[in-house]
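Student: Please work out how this folds:
(one chain, ligands or ions: 1)
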Amino acid sequence: MKTRTPLVMANWKQHGSEAALTDWLTSVSAIDLPEICRVLCVPLPYLAKLRQQRAELQSKVQAGAQLVSAFRGGAYTGEVSAAMLSEFQVAYSLIGHSERRQWFDETASARRGQLSALWQEGITPVLCVGETALEHQQGQTCEVLMRQLAEVLDGQATAGPLVLAYEPVFAIGSGKPLSAQSAQQMHQQLRLMLKRWYSAADCQRIRILYGGSVNNQNAGEYLRQDDIDGVLVGSGSLQAGAFNALCHAVVHAVTPLVPA
Ligand code: PEP
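Tutor: Sure, this is the predicted structure:
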């Protein structure tokens with residue numbers, strides 16, 4: 001039985017509309033799943049609608065952001081601060097998603113700043129880490145993951161609340177997920193690596209999500225692994241029906257069987 005509450009995060013990336021958000025949230029909120037925590041990371045312009053809809057529906061789905069500025073405020077055109085996210089009741093924000101690393105050249109220093117900005121506002125960072133296909137083939141996965149953790153966590157004044165998302169780059173959006181057993185091995189390694197910054201007890205509390213082509217067919221298998229505490233889902237989260245099925249599969253996987 002897992003002691004960490006499973007976390008299922010939907011990442012809409014640059015998809016959606018206000019109408020789609022209304023339909024999705026209505027459908028997803030109608031299902032009560034107290035066993036898990038569900039989060040929806042929308043594009044920033046939809047945060048206002050998400051706040052309004054969550055209130056109207058008394059939704060248990062929490063609000064997430066896909067990016068945050070490393071700066072507190074000032075002359076930074078286009079940036080959105082952690083304090084602004086907080087006004088929209090954002091509880092979690094992604095940091096270091098591989099698409100941000102790949103297409104937007106976000107630096108380690110930016111990620112470090114984003115992390116501390118989120119901690120200052122009481123928003124939980126979801127730090128995404130993962131190796132490329134080449135790094136995987138060359139057996140460099142552990143080295144890459146350690147570097148991606150260290151460049152963000154080293155030098156922070158204190159280690160705050162954290163969620164990790166292990167997303168092998170080649171598994172994202174490819175329809176080729178890493179097997180649950182292989183993912184488990186990496187999650188176990190990540191939990192050990194975290195000891196450099198967190199106490200043993202905190203390492204046991206930190207949730208580590210798997211991401212990369214997760215859908216309602218394979219989600220349950222990930223959650224059956226000891227060190228996989230949830231999933232970060234892109235395309236499999238866009239349709240409410242599929243997302244609801246995925247969440248049901250997660251609940252089923254973590255609920256102990258009661259003998260008849
Ligand atoms: C993601 O957005 O982080 C992701 C894992 O996408 P997908 O589920 O589409 O692979």
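Student: which parts of the stretch 51-200 of the chain sit against the ligand?
Tutor: Within the stretch 51-200 of the chain, the positions adjacent to the ligand are 167, 172-173 by Cβ under 6 Å from any ligand atom. To be clear about C-beta, it is placed using only N, CA and C from the backbone, and glycine gets the same treatment.
Student: run the last query once more with 8 Å
Tutor: Contacts of the stretch 51-200 of the chain with the ligand, taken as Cβ under 8 Å from any ligand atom, map to 94, 97-99, 128, 165, 167, 171-174, 177.
Student: What's the ChimeraX syntax to select whichever of those residues are buried?
Tutor: Here is the ChimeraX command that selects the buried residues among these (16 or more other Cβ atoms under 10 Å):
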select :94,97,98,99,128,165,167,171,172,177
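Student: so which of the residues of the stretch 51-200 of the chain next to the ligand comes closest to residue 209?
Tutor: Residue 209 lies nearest to residue 165 out of those, by Cβ to Cβ, at 4.5 Å.
Student: What is the neighbour count of whichever residue of the stretch 1-150 of the chain sits closest to the ligand?
Tutor: Residue nearest to the ligand within the stretch 1-150 of the chain (Cβ to the nearest ligand atom): residue 11, separated by 4.0 Å. Residue 11 has 27 neighbours, counted by other Cβ atoms under 10 Å.
Student: got a list of what it touches?
Tutor: Residue 11 makes contact with 41, 64, 66, 94, 97, 211, 232-234, 237 under the criterion Cβ atoms under 8 Å, 6 or more residues apart in numbering.
Student: Recalculate using a threshold of 7 Å.
Tutor: If you count contacts by Cβ atoms under 7 Å, 6 or more residues apart in numbering, residue 11 has them with 41, 66, 94, 232-234, 237.
Student: on that earlier part again, same list, the residues of the stretch 51-200 of the chain next to the ligand, but as TSV with pLDDT and secondary structure please.
Tutor: Listed next are those as TSV, based on pLDDT from 0 to 100; DSSP: H, G, I helix; E, B strand; the rest coil:
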residue	pLDDT	secondary structure
94	98	strand
97	97	coil
98	96	helix
99	96	helix
128	98	strand
165	98	strand
167	98	coil
171	97	helix
172	97	coil
173	95	coil
174	96	coil
177	96	coil
